[in-house]
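Enquirer: Please work out how this folds:
(chains A and B)
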Amino acid sequence: MLKDITLGQYFPSNTVVHRLDPRTKIVLCIVYIICLFQANTWLAYGLVLALTLSVMALSKIKPSAILKGLKPLIIIIALTCLLNLFYTKGTPIREGWPITYEGIERAVQMILRIVLLIAGTFILTYTTSPIELTDGLELLLNPLKRLKFPVHEVSMMMSLALRFIPTLIEETDKIMSAQKARGADFESGNLIQRAKALLPVLVPLFVSAFRRADELAVAMESRCYHGGEGRTRMNPLKMKKADAFALILGALVLAGFIILRILL
Amino acid sequence: MPEIKVEGLSHVYSPGTPFEKVAIDGIDLETEHGELVGIIGHTGSGKSTFIQHLNALLQPSSGRILYNGEDINATKASRRNIKYKIGLVFQYPEYQLFEETVFADIAFGPKNMKLGEEEIRERVYEAASFVGIDRDYFDKSPLELSGGQKRRVAIAGVIAMRPDVLVLDEPTAGLDPEGCRQILSNICEYRKETGSTVFLVSHSMDTVAEIAERIIVFNNGNISFNAKPEEVFAHAKELEDMGLSVPAPTLIAESLKAKGLPIDGPVYTHEKLLNEILKAKGANKDA
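Expert: Model prediction:
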């Protein structure tokens, strides 16, 4: 039940996209978002859509997986669509109606923009494991160290948090089962009753989270962890030919979009 | 009629995703009231998944489970009521304690059964005495107790519901030998006084061998053996192939026998081993 949550879930596979360096993928994802946000013509939107679909095909992601990820955002999408539909000035589609032709155009474009934005970031998290992602981010943010920004600490915290999400979900599942076995009821009653019913889950969960944090700190210290100073990697990230190729492609696409914007 | 009847039970985790895994693959099983059944199997053999089906925490992917002839998953009410009939103690149950006092924690189950206050009090006292928790502890926080005590309080929390069947998942895991012995004798005592059925899940042969009357061996989601301990332990080779060992007393008895000592019949408990050695020693003296 709880395990079914897709929270930017990683799907292990061995496609070209999966094998790319995480830094490449993060940079390309940013390029993608820039392209998407300065798209203002149907042609540009069409190109971004085609780009998204081809990367999806390359990384062998089923469209249904992305649709599943869109589900929690359905309200935001619907709201954006309605607001744009009714509050855009222009020629009404019929005399006296609040809906304008421009409104319809804007609404459709906004939906496309949100869906494509989510699809793009989903491709990143679907093809890159959380560990790779934080490693890549740490290396990309490395220049910020000069400004005394604790890059290593932040990325260590991020990877620890990511590492413990599944553990905590599993633990929650286990404690819920144990309390259900003692007759706890999480499914019926009003909101207040349900919130109260969660107490037997939350208390042991917090106790164990603190215990785990404590144990982890001791385990890290006893293996001589003392921050990022002079730390090396077991699997250093290496840029390969495919990465260079992908980055050049990304730069070309970005340039193309900017030229498109200036010309049109 | 068997008390619990399992028919063609299968369970698949995350069906239709890359993480799909068949945990149990079509098992059949029958147990009678009052039996003490040991369930053993390697990690990932499906034994924990199986016991969570017994009280309807998990629903079968296919097959069904009958309790006294009725399908436990028939209705929402039956799924709920079976939890009071078949009490399940999870692995490391001390991590589920949450109330402010030991008393309140043991009373959680009976309270969910909507019993009267008097009845709850009576059951808590009874359950606590089964696991050897003194009344002095009732007002303490469960977090103040030692590991072994916490475990016993957690077991009492399930016993307090007076289930007809008690299922324990690795009740002795992580305890010192004294704590192990105490919990096992508590369980035996409880069964003797209430006549309830007990399922004892463990990966340790020695624990199961000491007290079980019947042993069910899980391997890769199937049942490999379902027989009396001596019959199961006679298959030392097969057990080893499954990553399980025979109990230490059996191994000692086998090597003594190989050295030519007259040791009789199947040996799988410490007590029986001791008797056999004493007997062999006596026979030696006579000769």
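Enquirer: close enough to count as contact, residue A:118 and residue A:70?
Expert: Yes - in terms of C-beta atoms under 8 Å, residue A:118 counts as a neighbour of residue A:70; the distance is 6.0 Å. (Glycine included, C-beta is placed from N, CA and C.)
Enquirer: wait, does stretch A:61-71 make contact with chain B?
Expert: No - under the criterion of C-beta under 8 Å from any C-beta of the partner chain, stretch A:61-71 makes no contact with chain B; the nearest approach is 9.4 Å.
Enquirer: how about that stretch: buried residues?
Expert: By neighbour count, with 16 or more other C-beta atoms under 10 Å in any protein chain shown as the criterion, the buried positions of stretch A:61-71 are A:61, A:66, A:69.
Enquirer: And stretch B:273-286, by the same measure?
Expert: By neighbour count, with 16+ other C-beta under 10 Å as the criterion, the buried positions of stretch B:273-286 are B:273, B:276, B:277, B:280.
Enquirer: sorry, back to before: quick one: the buried residues of stretch A:61-71 as JSON lines, columns for secondary structure too.
Expert: Written out in JSON lines, the entries for the buried residues of stretch A:61-71 read as follows (DSSP: H, G, I helix; E, B strand; the rest coil):
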{"residue": "A:61", "secondary structure": "coil"}
{"residue": "A:66", "secondary structure": "helix"}
{"residue": "A:69", "secondary structure": "helix"}
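Enquirer: Of the residues you listed, just say which sits nearest to chain B.
Expert: In terms of C-beta to the nearest C-beta, no member of the buried residues of stretch A:61-71 lies closer to chain B than residue A:61, at 11.6 Å.
Enquirer: how about the closest one, what does it touch?
Expert: Residues in contact with residue A:61, defined by C-beta atoms under 8 Å, 6 or more residues apart in numbering or on different chains, are A:11, A:122, A:123, A:126, A:127.
Enquirer: Ok, residue B:43 next?
Expert: By C-beta under 8 Å, 6+ apart, the contact list for residue B:43 reads residue B:203.
Enquirer: Would you mind measuring from it to residue A:237?
Expert: With the distance defined as C-beta to C-beta, to the nearest Å, residue B:43 ends up 34 Å from residue A:237.
Enquirer: Tell me the residues on the stretch 101-250 of chain A that lie near chain B, please.
Expert: By C-beta under 8 Å from any C-beta, the residues of the stretch 101-250 of chain A that approach chain B are A:174-175, A:177-185, A:199-201, A:203-204, A:207-208.
Enquirer: repeat that for 10 Å
Expert: Proximity of the stretch 101-250 of chain A to chain B is assessed by C-beta under 10 Å from any C-beta of the partner chain, with A:171, A:174-185, A:187-188, A:197, A:199-208, A:211 identified as the residues in range.
Enquirer: Quick one: buried ones out of these?
Expert: Judged by 16+ other C-beta under 10 Å, buried ones among those: A:171, A:174-184, A:197, A:200-201, A:203-205, A:208.
Enquirer: can you list the buried residues of stretch B:273-286 in TSV and add pLDDT?
Expert: Shown next, in TSV, are the buried residues of stretch B:273-286 (pLDDT from 0 to 100):
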residue	pLDDT
B:273	87
B:276	85
B:277	86
B:280	82
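Enquirer: right, and the pair among those residues with maximum separation?
Expert: Taking C-beta to C-beta as the measure, those span a maximum distance of 10.5 Å, between B:273 and B:280.
Enquirer: Could you tell me which residues touch both of those two?
Expert: Counting by C-beta atoms under 10 Å, 6 or more residues apart in numbering or on different chains, the shared contacts of residue B:273 and residue B:280 are B:256, B:263.
Enquirer: average pLDDT across stretch A:143-157?
Expert: For stretch A:143-157, mean pLDDT rounds to 87.
Enquirer: likewise stretch B:43-55?
Expert: 90.
Enquirer: I'd like the distance from it to the chain centre, please.
Expert: Using C-alpha atoms, centre = their mean, to the nearest Å, the mean C-alpha position of stretch B:43-55 is found 11 Å from that of the whole chain.
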